[in-house]
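Asks: Let me see the structure of the following:
(chains A, B, C and D)
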Protein chains: 4
Amino acid sequence: MGEKANVGVIGLGRLGSLYATYLQTRIQHANLVAVSDVREAAAEAFAKENHVPKWFKNYKDLLAEKAVDSVLVVTPTSTHKEVVIEAARQRKAIFCEKPLSLSLDEAVAMSSAIEETGVFFQMGFMRHFDKGYAAAKRKIDEGLIGEPIVFKSSSRDPFRPSLEYLDPRQSGGLITDCGIHDIDLARWYFGEVRSVHSIGGILAYPEISEIGDVDNAIVTLQFESGALGVIDMSRSGIYGYDIRTEILGTKGTLQIGYLRETPLMVLTKDGVTHDAVPYFMERFEQAYIAQLENFAENVTLGRPPSITCADGLAALRISLAATLSLKEARPVAVVAGEG
Amino acid sequence: MGEKANVGVIGLGRLGSLYATYLQTRIQHANLVAVSDVREAAAEAFAKENHVPKWFKNYKDLLAEKAVDSVLVVTPTSTHKEVVIEAARQRKAIFCEKPLSLSLDEAVAMSSAIEETGVFFQMGFMRHFDKGYAAAKRKIDEGLIGEPIVFKSSSRDPFRPSLEYLDPRQSGGLITDCGIHDIDLARWYFGEVRSVHSIGGILAYPEISEIGDVDNAIVTLQFESGALGVIDMSRSGIYGYDIRTEILGTKGTLQIGYLRETPLMVLTKDGVTHDAVPYFMERFEQAYIAQLENFAENVTLGRPPSITCADGLAALRISLAATLSLKEARPVAVVAGEG
Amino acid sequence: MGEKANVGVIGLGRLGSLYATYLQTRIQHANLVAVSDVREAAAEAFAKENHVPKWFKNYKDLLAEKAVDSVLVVTPTSTHKEVVIEAARQRKAIFCEKPLSLSLDEAVAMSSAIEETGVFFQMGFMRHFDKGYAAAKRKIDEGLIGEPIVFKSSSRDPFRPSLEYLDPRQSGGLITDCGIHDIDLARWYFGEVRSVHSIGGILAYPEISEIGDVDNAIVTLQFESGALGVIDMSRSGIYGYDIRTEILGTKGTLQIGYLRETPLMVLTKDGVTHDAVPYFMERFEQAYIAQLENFAENVTLGRPPSITCADGLAALRISLAATLSLKEARPVAVVAGEG
Amino acid sequence: MGEKANVGVIGLGRLGSLYATYLQTRIQHANLVAVSDVREAAAEAFAKENHVPKWFKNYKDLLAEKAVDSVLVVTPTSTHKEVVIEAARQRKAIFCEKPLSLSLDEAVAMSSAIEETGVFFQMGFMRHFDKGYAAAKRKIDEGLIGEPIVFKSSSRDPFRPSLEYLDPRQSGGLITDCGIHDIDLARWYFGEVRSVHSIGGILAYPEISEIGDVDNAIVTLQFESGALGVIDMSRSGIYGYDIRTEILGTKGTLQIGYLRETPLMVLTKDGVTHDAVPYFMERFEQAYIAQLENFAENVTLGRPPSITCADGLAALRISLAATLSLKEARPVAVVAGEG
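Replies: Presented below is the predicted three-dimensional model:
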């Protein structure tokens, strides 16, 4: 691999377009050499506007390009298996956006293909690259808070995405779509999860019932270590995009997150007011960019992936168990062999 | 009833002594006319130092006093039933510290005695009188946050009390001793609870195993309304006494709590630092005083109790269900008739 | 002196009544034995309601009482000289509310009387007893921030007091009435002041021009040590009672103050909001009480005053120099001998 | 002018290199077509590494290029006059980094050249493009806080730059180098300044005496409107880069600024701690980028400059008056005609 990874981006949706733009302007260790999207016109338009040498309608054509040594898989989750396995066959270094898949069987198949081909594969969980979450990881590893014993995490969207987006057949449902970030953090900080229990409801948007999901949920976790965890997820944060995590240790506690976007306070007779974080790009742009740089560096420097396919598989296993718990209203064991 | 309640304090432990002192110095609508404690010398010493006209070893003697029209029951929880029922027989207005009892049967017996005698009875849950919690209640009632849909509450002690204090036979265990405040808030803000599920562990203090309790626990709640709740409790807050509650509504969210005790920030090369709230008296002194004033006002003005025996019974029913859930590792229904 | 100081309160205005009430209910080392007020009926009513043994119209009668060994002088500032000197003659231990006087000549006369009689005299500057300000003093003395080099302090009232109250002949004007607290802090933390320069204006309340004062002002200070300082004062804080101080040192910085009264945050689409501190009693009640306890302890234990008459005189000298600077639009030297 | 400005960057020091990099990667409305630096090798290296078509040792050669229609002047301040006047002669659109000059005579000459040639000229004061400062401006203009009456601003560096950098012959001294940002904000929010008064000292770094400057200073301002202002500046912020501004109005107050860089709080027995903002790039990167985009947009869309040469001149006049006040220890009038 040369000094820079030559990257193709597969999927130019909201996140794929951002990733491609970052690659073109913000990432030191990568060149953007190709893009693909089933909407061919979109691919062409993006490529022309952003001076990307090649564009394709069919991702297989992108994967067939020799100039492409690495790919970002940013297609709908239901297509991840097919794209990732083909990319592995073509011996590309792979970055795959979360979640790995919506199906354990598919995820296991992807995992096998990666193992067999030996290609580089890195999962996309951008929170690892947020300054706050990364600093928390370092402090835990340094022993600053002693043994971590309670994990609390909260993910709230400021509004309801479209029902089409939310459809569990596309999104995996609230827990897999939204909570998987928190589940991944839980594993990162605390290790493996033994069992989960979920409660949830349609509390803010009655129309969610049409798609068979919930708009608010709480999942409790028991870790292999005996530690405890809880994640609450909401599609109705209303006041802003609110992502907060707390890690209680035997010697101290860490709190990650913030609520104010603009460094301005307004003080009147009605009180002291500031704004909130509007949405995910305001909160995590730095993390998304750092994540891509890390991928490109790992690829070009021959380093192992920062987040593995096994991490993606394990997080999915937990989110599916939690989704089952919600359905069956009982605690569900998370069994690695069960996948 | 006259202008001021003539109050006897039964039990001069840590909280009972404080209550008696407040009655003597801070409460407008009460006179402290008698105290009792099984440690007779302590009762005498307190009375003499604080100019309390009468003191007793046996609470029954205090209850027999005609000058006493109201009593605070601040004895160990295991004695609440006996004292409260006797106080009801003597037609005293009663304030009973939380929890009502450690046993549903006892609590039901107390409830019956109060109903039969028709005496005034107010449960002690001081958080209702904290400025933050009280303002939150008003804002919810005014509709400011729309429909309340998710309740989150956290109660952390900064250190482990003595094993003697913690013994579940005395304290009721972590959930009843500590979480009952959060459970009561949950009912106050959200109404009745349908089912609970708990997880917990001995994560900070191995010696807790001797007394058959846990030192950290998380309880999820499903309300009759469909709303969701979660309470986390810890004996190992370490950094301070941290009591925080969050109420997510369909139109907004409320957060109650704070972390800084002294209005001082220290900024050095090592960062920006402030202290935390040391313990419950620093956090809730104002609330304890307001609670006593409210009791005395209700009694003297002939108003109904702000928190009823039924509230105490319902909170206990939930805390016992949550404790059972912890033991049996399954969700437990909260059935009012079951008590 | 016995176990408790036997205190008479001279002046039952807003602050005097509070002091008297605190003495009666909150102060361990004091008995309230007499009150006086030129409004005799007010004195009588207060005494009867609060079980104070004696009341007087004329403070001299109070001072003639043998049962009174200590007095709080909480009369209008213009009468301080007369009352304090008479109290000194009667050999009472004296607590005098700030400012010492509105005139340097008077202040010097008071100082002489105290020196000559050797009575105990403590100035009232309650911020010394605020937990935040007191902790800051300790940290400076411990060397935590190295050498203190810049002092910044801000005092804002949430609304305009009555013109009668504000009249400089009564209040001394904005700088002496309001800024003297900050001036006193400046001396406490940084030592003596060499020169001052002031700017000010009538910016919020045109009617202030009637009484010949300003409603906003900024005073810069040069300390003997070379350190720098600035105080801004406002009668138009509007949003709340905002008292903040910052001390920049060569190794760190301290910030004292806070803005939130109720531990509640409201998060809606319009932003994140909390209330502010309404007024001085909400901010400084603890400090006022601690100040009285400290006075009573110093008196009964034979300790020296925590804040001396010389401190009151020095602060006045600076506030008068700053007031002169405002009038003459030039820097003014603060010369101790000039008083 | 075409769709994008074709920009040459003159001066590749710390800030010039950043500007050039931003132009290359972050600015929509600009192409970076040339760079120049007296250190020719540096210019060549930068150009080659960043794919800049042309590089020069002599800025005049850059200005002679037809492909260049706009320039950023980021050379040492002492050269601004020469470079800007030559750029005006060559009819380039000009962006000039603050301060405009260190000399009023030079600044006036620059102003004349710009007027005579009619070229586009925009001053660099990046705080106008910070989200907090920009939002504050909007809120003032909307009347949210009524009439602005007191301006407070604080600029603190976390450490001492090199003496070479600080030398007043290069930097203009503390007030012009550092405080000119605050002075510019003062004018932006409050309008013209009538007089200033400064105090200052060498309080943290004795070696500053070698170069004839101070390391801490406080400047008070009186505006034409009668409003009051104060700016404190420090080279010894120690704990971080701390930039805060407060605007007191007759109906409310605005506070701009923040102290925490990483969204992480650490809570232990020693207190609650977070980090501070390390330095100016962490605080103002977004503003620097927005400032360049605004310049490029104004140039390509034919809009007037957001900050004019007259603004740069007026701010300089105030900073020089404040510097004179520091030297002569007296209030100094700011007279526009005097320049």
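Asks: Name the residue of the stretch 101-250 of chain A that lies nearest to chain D.
Replies: Residue nearest to chain D within the stretch 101-250 of chain A (CB to the nearest CB): A:Gly132, separated by 3.6 Å. Backbone N, C-alpha and C define where each C-beta goes, glycine included.
Asks: was I right about that residue contacting A:Gly257?
Replies: Yes - the pair A:Gly132 and A:Gly257 qualifies as a contact (CB atoms under 8 Å) at a distance of 6.9 Å.
Asks: Now the common contact residues for those two.
Replies: Counting by CB atoms under 8 Å, 6 or more residues apart in numbering or on different chains, the residues touching both A:Gly132 and A:Gly257 are D:Pro263.
Asks: what about the two, which has more around it?
Replies: A:Gly132 (25 against 19; other CB atoms under 10 Å in any protein chain shown).
Asks: before we move on, the earlier item: tell me the secondary structure for the residue of the stretch 101-250 of chain A closest to chain D?
Replies: Classification of A:Gly132 by DSSP: H, G, I helix; E, B strand; the rest coil places it in helix.
Asks: residue contacts, it?
Replies: So A:Gly132 contacts A:Ile256, A:Gly257, A:Tyr258, D:Thr262, D:Pro263, D:Leu264 (CB under 8 Å, 6+ apart).
Asks: can you pull the pLDDT of it?
Replies: If you check A:Gly132, the pLDDT there is 98.
Asks: Mark which of the contacts of A:Gly132 are part of strands, please.
Replies: Mapping these onto strands (DSSP state E) picks out A:Ile256, D:Leu264.
Asks: Report the buried residues of stretch A:30-50.
Replies: Residues of stretch A:30-50 classed as buried: A:30-38, A:42-44, A:46-47, A:50 (neighbour count, 16 or more other CB atoms under 10 Å in any protein chain shown).
Asks: who's sitting farthest from the centroid in chain A?
Replies: Farthest-out residue of chain A from its mean C-alpha position, per CA atoms, centre = their mean: A:Lys269, at 42.1 Å.
Asks: Wait, that one touches C:Tyr239, no?
Replies: Yes - taking CB under 8 Å as the definition, A:Lys269 is a contact partner of C:Tyr239 at 6.3 Å.
Asks: Name the residues contacting each of these two.
Replies: With CB under 8 Å, 6+ apart as the test, A:Lys269 and C:Tyr239 both reach D:Gly252.
Asks: Now do the same contact list for the residue farthest from the centre of chain A.
Replies: A:Lys269 is in contact with C:Ile238, C:Tyr239, D:Lys251, D:Gly252, counting by CB under 8 Å, 6+ apart.
Asks: One more: A:Ser198?
Replies: By CB under 8 Å, 6+ apart, the contact set of A:Ser198 is A:Ile175, A:Ala217, A:Ile218, A:Val219, A:Thr220, A:Ala322, A:Thr323, A:Ser325, A:Leu326.
Asks: Check what pLDDT the last one gets.
Replies: Okay, so that is A:Leu326. We have a pLDDT of 98 for A:Leu326.
Asks: ok, now which ones touch it?
Replies: A:Leu326 makes contacts with A:Ile175, A:Ser198, A:Ile199, A:Gly200, A:Val214, A:Ala217, A:Val219, as judged by CB under 8 Å, 6+ apart.
Asks: And the first one, by the same measure?
Replies: If a contact means CB under 8 Å, 6+ apart, then A:Ile175 has A:Ser198, A:Gly200, A:Ala217, A:Val219, A:Met233, A:Ser319, A:Ala322, A:Thr323, A:Leu326 as its contacts.
Asks: how about it, secondary structure?
Replies: helix.
Asks: Could you report the distance from it to A:Ala315?
Replies: As judged by CB to CB, to the nearest Å, A:Ile175 and A:Ala315 stand 11 Å apart.
Asks: Then the third one?
Replies: Taken as CB to CB, the spacing of A:Ile218 relative to A:Ala315 amounts to 18 Å.
Asks: Repeat that for the last one.
Replies: Relative to A:Ala315, A:Leu326 is positioned 17 Å away (criterion: CB to CB).
Asks: do the same with the fourth one
Replies: Taking CB to CB as the measure, A:Val219 falls 13 Å from A:Ala315.
Asks: Name the residues linked to A:Val266 by a beta bridge.
Replies: Bridge pairing for A:Val266 (DSSP bridges) gives the partners A:Thr273, D:Leu254.
Asks: re the thing from before, out of the contacts of A:Gly132, who's nearest B:Asp311?
Replies: Set against B:Asp311, the nearest of those by CB to CB is A:Gly257 (34.0 Å).
Asks: name the element the nearest residue in space to that closest one that is not next to it in sequence belongs to?
Replies: Excluding the flanking residues, the one nearest A:Gly257 by CB to CB, 6 or more residues apart in numbering or on different chains is A:Arg244, at 3.4 Å. Per DSSP states H and E: A:Arg244 is located in strand A:242-249.
Asks: What is that strand packed up against?
Replies: With contacts taken as 3 or more CB pairs under 8 Å, 6 or more residues apart in numbering or on different chains; DSSP states H and E, strand A:242-249 sits against helix A:131-141, strand A:148-156, helix A:180-190, strand A:253-256.
Asks: Just send those back as JSON lines, with distance to A:Lys81 too.
Replies: As requested, those are arranged in JSON lines below (distance: least, CB to CB, whole Å):
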{"stretch": "helix A:131-141", "distance to A:Lys81": "28"}
{"stretch": "strand A:148-156", "distance to A:Lys81": "25"}
{"stretch": "helix A:180-190", "distance to A:Lys81": "17"}
{"stretch": "strand A:253-256", "distance to A:Lys81": "32"}
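Asks: which one of the ones you listed lies closest to D:Val73?
Replies: Nearest to D:Val73 among these is helix A:131-141 (33.7 Å), distances taken as CB to CB.
Asks: Tell me the buried residues in the closest one?
Replies: A:Lys131, A:Gly132, A:Tyr133, A:Ala134, A:Ala135, A:Ala136, A:Lys137, A:Lys139, A:Ile140.
Asks: swap in stretch A:235-248?
Replies: With burial defined by 16+ other CB under 10 Å, the residues of stretch A:235-248 counted as buried are A:235-248.
Asks: Would you mind writing the CA trace of it as PDB?
Replies: Taking C-alpha atoms only, stretch A:235-248 is exported to PDB below (Å, rounded to 0.1, in the frame of the first residue of the first chain):
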ATOM      1  CA  ARG A 235     -36.800   9.500  18.800                       C
ATOM      2  CA  SER A 236     -38.400  12.400  20.600                       C
ATOM      3  CA  GLY A 237     -35.600  14.400  22.200                       C
ATOM      4  CA  ILE A 238     -37.300  17.500  20.800                       C
ATOM      5  CA  TYR A 239     -34.900  20.000  22.400                       C
ATOM      6  CA  GLY A 240     -31.800  18.700  20.500                       C
ATOM      7  CA  TYR A 241     -29.500  15.900  19.700                       C
ATOM      8  CA  ASP A 242     -28.500  14.700  23.100                       C
ATOM      9  CA  ILE A 243     -25.900  12.000  23.400                       C
ATOM     10  CA  ARG A 244     -24.600  11.400  26.900                       C
ATOM     11  CA  THR A 245     -22.700   8.600  28.600                       C
ATOM     12  CA  GLU A 246     -21.700   8.100  32.200                       C
ATOM     13  CA  ILE A 247     -19.300   5.500  33.500                       C
ATOM     14  CA  LEU A 248     -19.300   4.900  37.300                       C
END
